[in-house]
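> Build me a model:
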Amino acid sequence: MKQIDSKIRATLNEVVAALQAGNTVSAHYALKRVLRRNPDIVEARLLLAETYLQEGKLADAAEIAARLARTAVPVDDPAFQCRLADVCLRCERYFDALDLYGPLCTKNPDNESLRYRAGTAAYKTGQLGTAEKHFRRCIELRPEVAATYLQLGHSYRSLRDFDRSAENYLAYLSRSETDKANGYWSLADLRNFTFSEEMISDMQRYLHKCQDVGSEASIMHFALAIAAEQSEDYDLALRHFRSANEIQATLRPFRPAAYGGLLEGLIASHLPPVTEAHVASRRPIFVVGLPRSGTTLVEQILAAHSRVTATGELPFMERIAFDLERNGGYGKRLAALTEKERNRFREYYFEEARRYVAQEGPHFIDKNPNNFMHVGLIRQLIPEALIVNVRRDLRDNAISIYRQLFSVGHDYSASFTDIQTYSEGYLRIMAHWLALYPDAIRVQGYEDLVTNPEEQIEELLAFCQLESESACFEFYRSRQAVMTPSASQVSQPMYTSSIERWRHYGEPLQREFSKLDELQDR
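Numbers count the residues shown, from 1 in each chain. As a prediction, the model looks like this:
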């Protein structure tokens, strides 16, 4: 690493002290002063990324981290490499983090903390075999650390090995003195795990113990609600779901005005005609819709095809949209994109998505349900893309959202009023996109798919310009990793028991379901 003179070193030491004291304003000011005169000092650039992280500015931190990871990693400074890897992990540059952790783990094979972070990065990139290897080594080194069993359980769940997943979640519970809630919810979220009466008693005792810790109490209510559903006690389940979501609503309140304003801006924008489709070696298929609508099912059907690869829920269209929003407003900037900007964003998307594509093939799936907001952006950047919009009965969809604990985002999920607002916005923006791009979007009904799979799968494949393959009709036999809560559902043949599940809660939620039913024909 380039030598730093004593004056700059003293300033950087002051920055470190300021960050430790939580004084990001002073740190920011000092770093800007240093970098204005010495823009090539990588230590200062890394400190600026760490400052942005402390301020919660993940996009700014990620931009710096990406540049450092690709151009300025000093091979003779493992401490710098480790700090940069940690920054990449925290700002969701998972592939960069894993690339940096790899050599460090090779040099320090018995560093349990390093391996744990490497395993986390590997899991986030879908490299589940690598994640398993790191987590198992962590357990060999320090078997008393509970958190590793939880992460290993998540890896096995994504690999569809639900027995080993449950085994590790139970191991986590037996070793964890605090934060047991995540272990109980992880078992509940397997869907094929049944709680014993003894476990339910333990869960109730733990709920009483953590009542004053809002986040943990909420998670425990979710887990106990699932346990009550297993006993078909839907009144008790609803009481727990309500308690869980009341806490969630205070922890991450939904902002309907901001959501509505975003959609209004997109609808009001006058997008230019879509340019002629590119001739691309890989053509993305975007599967969009409300969460819990059946998007994972559609993804797995398509991913079973020999010419298609699944990538999971990619965040890159959202990141482009965020960049446009903070630089002039999403709708306005989208309508005014220059050809140079479209090419730059297109290249960024394919470059980032490429790392998630596990095998060669002409098609890959981006199954981020939230991309329903970004269909206009998708069409401007990737006119050859195909879009499958999955729709489910809003009453079933709403109760499925309400009973799901989301790790991040989905702030609307904590109340039926907010779920209705979000659903109404989804229906409105999708109607707008369908009017603009009718030939590029297929509306796939969930109920149609599970009640008439043969015909619907044939039509879905034809829309995606894929020939029929028997594997698509037996998608549940695939060993494709599934990184969403639907892993257990898509590991069995298609079933219809989720249709009209809302009726279990029909009487106490009659008013809420009636309002949702009024939106059905939109």
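> now the residue nearest the centre of the chain, what's its secondary structure?
Nearest to the mean C-alpha position of the chain, counting by CA atoms, centre = their mean, stands residue 313 at 5.8 Å. Of the three states, residue 313 takes coil under DSSP: H, G, I helix; E, B strand; the rest coil.
> Can you name the next helix or strand after whatever helix or strand residue 150 lives in?
Using DSSP states H and E, residue 150 falls within helix 146-158. On the C-terminal side of helix 146-158, the nearest following helix or strand under DSSP H and E is helix 162-175.
> Contacts for that next one, please.
144-147, 149-150, 152-154, 156-157, 180, 182-184, 186-187, 190, 192-193, 487-488, 491 (CB atoms under 8 Å, 6 or more residues apart in numbering). Every C-beta, even on glycine, is put in place using the N, C-alpha and C of the backbone.
> Name the residues of that helix that are buried.
Buried positions in helix 162-175, judged by neighbour count with 16 or more other CB atoms under 10 Å: 162, 165, 166, 168, 169, 170, 171, 172, 173, 175.
> still on that earlier bit, now do the helix holding residue 150: distance to the chain's middle.
The chain centre lies 17 Å from the centre of helix 146-158; the measure is CA atoms, centre = their mean, to the nearest Å.
> Stretch 378-389 now?
On CA atoms, centre = their mean, the centre of stretch 378-389 falls 20 Å from that of its chain.
> again, but for stretch 217-237
On CA atoms, centre = their mean, the centre of stretch 217-237 falls 25 Å from that of its chain.
> Next: stretch 88-97.
14 Å.
> Can you get me the start-to-end distance on that stretch?
From the first residue to the last, stretch 88-97 extends over 5 Å; the measure is CA to CA, to the nearest Å.
> The residue nearest to the centre of the chain against residue 356, yeah?
No. Residue 313 lies out of contact with residue 356 (CB atoms under 8 Å); the separation is 10.0 Å.
> on that earlier part again, out of the contacts of helix 162-175, which end up buried?
Here, 16+ other CB under 10 Å leaves 145-147, 149-150, 152-154, 156-157, 180, 182-184, 186-187, 190, 193, 487-488, 491 buried among these.
> In TSV: the buried residues of helix 162-175, plus pLDDT and distance to residue 290.
Below are those laid out as TSV (pLDDT from 0 to 100; distance: CB to CB, whole Å):
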residue	pLDDT	distance to residue 290
162	93	26
165	97	26
166	97	29
168	98	31
169	98	28
170	98	33
171	98	35
172	98	31
173	97	32
175	95	37
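> Pull out the buried residues from stretch 418-433.
For stretch 418-433, a neighbour-count test (16+ other CB under 10 Å) marks 418-427, 429-430, 432-433 as buried.
> what does stretch 204-223 give?
206, 207, 210, 216, 217, 218, 219, 220, 221, 222, 223.
> can you check stretch 335-348 too?
Using 16+ other CB under 10 Å as the burial criterion, the residues of stretch 335-348 that qualify are 335, 337, 342, 345, 346.
> In contact with the fourth one: list those residues for me.
Think residue 345. Here residue 345 is in contact with 320, 337, 381 (CB under 8 Å, 6+ apart).
> elements contacting the lengthiest helix in the chain?
Counting by DSSP state H, the longest helix found in the chain is helix 416-436. Judged by 3 or more CB pairs under 8 Å, 6 or more residues apart in numbering; DSSP states H and E, the packing partners of helix 416-436 are helix 256-268, helix 375-381, strand 386-391, helix 394-402, strand 441-445, helix 510-518.
> any idea of the angle the helix holding residue 150 forms with helix 162-175?
Angle, helix 146-158 to helix 162-175, by axes from the mean of the first three to the mean of the last three CA atoms, to 10 degrees: 170 degrees.
> Just give me the closest of the buried residues of stretch 335-348 to residue 68.
Distance to residue 68 across those (CB to CB) is lowest for residue 345, with 21.9 Å.
> Helix or strand for the closest one, just tell me which one.
helix 339-354.
> Could you export the helix or strand following that helix as CSV, CA atoms only?
Tracing the chain C-terminally past helix 339-354 and defining elements by DSSP H and E, one meets strand 363-366 next. What follows is strand 363-366, C-alpha atoms only, in CSV (Å, rounded to 0.1, in the frame of the first residue of the first chain):
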residue,chain,number,x,y,z
HIS,A,363,-32.6,-17.4,-20.5
PHE,A,364,-32.4,-16.5,-16.8
ILE,A,365,-35.1,-15.6,-14.4
ASP,A,366,-35.1,-12.5,-12.2
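> got a list of contacts for strand 363-366?
Contacts of strand 363-366 (CB under 8 Å, 6+ apart): 282-287, 299, 302-303, 305, 307-311, 313-314, 317, 353, 356-357, 464, 466.
> Just these: which are in strands?
Among the contacts of strand 363-366, DSSP state E puts 283, 284, 285, 286, 287, 308, 309, 310 in strands.
> Pick out whichever of those sits closest to residue 361.
Out of the ones in strands among the contacts of strand 363-366, the member with the shortest distance to residue 361 (by CB to CB) is residue 309, at 5.1 Å.
> mind putting the contacts of residue 345 in TSV, distance to residue 474 included?
Formatted as TSV, those follow (distance: CB to CB, whole Å):
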residue	distance to residue 474
320	36
337	42
381	34
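> Adding distance to residue 267 and pLDDT, write those residues out as TSV.
Below are the contacts of residue 345 laid out as TSV (distance: CB to CB, whole Å; pLDDT from 0 to 100):
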residue	distance to residue 267	pLDDT
320	19	96
337	17	95
381	19	96
